[in-house]
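Asks: sequence plus the predicted model coming up.
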Amino acid sequence: MLNDVKKYSEIIDFNYNKKRLLKKNNQEILKAKIYGNISCFQLKEYIAYFMLQKNVNIEIELSDYDNLLSDHSISKDCKFSIVFWELSNLFNGAQYKIEMLNGNQINNLIDETIKKINLFINNITKNSLLIFNKFSTMHFNINYFEKTKYQLINDKLNSFLETKKNNNFILMDINQIISEIGTDNAVSYRDFYLSKSIYNLQFYKRYSYIIANLILSKTGRYKKVLVLDCDNTLWKGIAVEDGIDKLEMDEITYPGCIFFEVQHLINKLYKKGILICLCSKNNLEDIKKIFKLKTYLKLNQFADIRINWDDKPKNLKKISEKLNLGLDSFVFIDDSDFEINYIKKTFPEVTTFKVPIDNLYDYPKMIREISNLFYTNLLTEEDKKKNLYYFQEEKREKTKSKFISLEDYINTLKLSLIVEKNNIKHLARVTQLTQKTNQFNSSLKRFSENEIEKFIMDDKFDVYTLRVSDKFGESGLTAICILKKDIKKKICVLNTFLMSCRIFGRKIEFIFLNYIKNKLRKLKIKKILINFKIGPRNSNVESFLIEYGFIKKKNNNTIASFEKNIGKLKSNKIENLDIKIKKSD
């Protein structure tokens, strides 16, 4: 996966040139900071490299060495903070002197370290997502038979860190990486004794790849769709050549057990709300029979099925259009070099993986690694029901095709909307929507739970949420509006107005904004302002604002300002719609 990564010197050149290019295009810059009691300057370049490869410009600052709590060290404007706090560097010679400490000294060291870390965590998570590495003994603990004092302190500190976990604080288990690549490849004792830099470039490369994907997920660029081939991908064998009876995917025999495990791992992703799809050159009736008689996965779990003899890029495009999701949110797995390269060439934004046919025993490990691309620490009820929502949407589309008039179709849906204001129980879902919504999103701002909570608790702000249901079922909480009121000036600024792509095409955006507009009128608000962030995929928001009656006042390459006197905002799009609105505010 990381074999194609450039040499460190080449990465520095790549980063410099890529940043210059993105700066010319007025690309927004993410800010991050690395805190540590070790020297880890190489990490900065590796994380930037993986981010810049995805055309995301990031500015990474290194904190003062071994200074976790200095006032100027806490950066309020950075969205991501990473901490390397090593047990071996708690004090000079800690890797061997700890064993000389008595019980009271050990307890005092633990208490002092916990106090320092706790204060830091409480300060930093107010404004930033914090990624904190677990303490590790793998560098200096080689006692196979008894627990050392070094290990005792390590375990106590990690137990404390576990108690601090929340949606704005993520623990990273670096032991996984050290075990994966080996201590000799991960750790440089020479650099540790010379310059307090304990890790090798190979460790930083692997670590940075994982962290970059986590940061990308928090900026709305995480993977949402897993597209799978069938033959030699979900089972061993080729259906049209070997016959259904000879396909291998059982739990007992090799290599069938490999594919049996892979199907279970894919099922785990499905249960977390990841959309799984099929894209295979095969006969549909054969595939239906295989899934009915032999597979652990079932056809009704797949959000879209493309079983035909068309080119796979063509089928991927159709899946993208049906799901209304960008191809940059897709992961594609196939056993064919030809198909993998064809997808790479046609859609470089799709992340591709080839089944390791020559080393099949590595296949389950590969799927586990791929699972990290779909990681989100904000798992909501909507996520668990996501596949159900798409099946419901398929029924809506079939019904819609029977109508000439959009209004007539909408009125048959028996739409019901529930609007709530400043409901703290929706904190996780509101945060998630700001982090993942790219298409219908006016600001493209990504907020943490702490930031959303501040909006909810601040009298100057209101956070409106919208839940949608119709005769086909619930769509969940799928739209939000964050606004700031200035009662004295009688002005309201819509900070963020966004909606999930799942509820497109039902005029819900007009109804939602109309509801909010009427609430603002009761507060004597005279004017609404919106600063629309121009992005690659959210032009439909601009079209909606113009259609609703807003006037564009200013425009540059990144921001378009809209405003309108509230009394002149009139939408003729919803006059004839039969939609029930329930309020809970």
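Replies: Looks like it came in fine.
Asks: separation between residue 503 and residue 466?
Replies: Distance, residue 503 to residue 466, by Cβ to Cβ, to the nearest Å: 9 Å. Yep, even glycine has a C-beta here, placed from its N, CA and C like the rest.
Asks: and for residue 423?
Replies: For residue 423 relative to residue 466 (Cβ to Cβ), the value is 11 Å.
Asks: neighbour-wise, which of these two wins?
Replies: residue 466 (25 against 16; other Cβ atoms under 10 Å).
Asks: what strand or helix carries the more buried one?
Replies: Following DSSP states H and E, one finds residue 466 within strand 461-470.
Asks: any idea which helix or strand comes after that strand?
Replies: Downstream of strand 461-470, the first helix or strand assigned by DSSP H and E is strand 473-486.
Asks: report the contact partners of residue 264.
Replies: residue 296 (Cβ atoms under 8 Å, 6 or more residues apart in numbering).
Asks: continuing past the strand or helix carrying it, what's the next helix or strand?
Replies: Using DSSP H and E, residue 264 sits within helix 256-271. From helix 256-271 onward toward the C-terminus, using DSSP H and E, the following helix or strand is strand 275-281.
Asks: what helices or strands is that following strand leaning on?
Replies: strand 225-228, helix 256-271, strand 304-308, helix 312-323, helix 386-400 (3 or more Cβ pairs under 8 Å, 6 or more residues apart in numbering; DSSP states H and E).
Asks: so for the longest one, what gets flagged as buried?
Replies: So the one you mean is helix 256-271. 256, 257, 258, 259, 260, 261, 262, 263, 265, 266, 269, 270 (16 or more other Cβ atoms under 10 Å).
Asks: can you list the low-confidence ranges for the protein?
Replies: 1-3, 69-76, 127, 377-378, 570-578, 583-585 (pLDDT under 70).
Asks: report the central residue of it.
Replies: The centroid of the chain falls nearest to residue 217 when counting by Cα atoms, centre = their mean (2.5 Å).
Asks: residue contacts, it?
Replies: 223, 375, 376, 435.
Asks: roughly how far does it sit from residue 435?
Replies: Taken as Cβ to Cβ, the span from residue 217 to residue 435 is 8 Å.
Asks: I'd say residue 483 and residue 491 touch.
Replies: No - with contact defined as Cβ atoms under 8 Å, residue 483 does not reach residue 491; the gap is 10.6 Å.
Asks: which one's more surrounded, those two?
Replies: Neighbour count, other Cβ under 10 Å: between residue 483 and residue 491, residue 483 has more, with 23 against 17.
Asks: what sits opposite the more buried one in the beta ladder?
Replies: Bridge pairing for residue 483 (DSSP bridges) gives the partners residue 462, residue 494.
Asks: what's the local residue count around residue 543?
Replies: Residue 543 - counted by other Cβ under 10 Å - has 10 other residues nearby.
Asks: ok, back up a step: the helix holding residue 264 to helix 386-400, inter-axis angle?
Replies: 70 degrees (axes from the mean of the first three to the mean of the last three Cα atoms, to 10 degrees).
Asks: can I get helix 256-271 in CSV? Just the C-alpha atoms.
Replies: Extracted C-alpha coordinates of helix 256-271, given in CSV (Å, rounded to 0.1, in the frame of the first residue of the first chain):
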residue,chain,number,x,y,z
GLY,A,256,-12.4,-21.1,1.1
CYS,A,257,-11.9,-20.0,4.7
ILE,A,258,-10.1,-16.9,3.5
PHE,A,259,-13.1,-15.7,1.5
PHE,A,260,-15.5,-16.7,4.3
GLU,A,261,-13.6,-14.5,6.7
VAL,A,262,-13.4,-11.6,4.1
GLN,A,263,-17.2,-11.8,3.8
HIS,A,264,-17.6,-11.5,7.6
LEU,A,265,-15.3,-8.5,7.6
ILE,A,266,-17.3,-6.8,4.9
ASN,A,267,-20.5,-7.6,6.8
LYS,A,268,-19.0,-5.8,9.8
LEU,A,269,-18.5,-2.7,7.6
TYR,A,270,-22.1,-3.0,6.4
LYS,A,271,-23.4,-3.0,10.0
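Asks: run the chain-centre distance for that helix.
Replies: Chain-centre distance of helix 256-271: 22 Å, with Cα atoms, centre = their mean, to the nearest Å.
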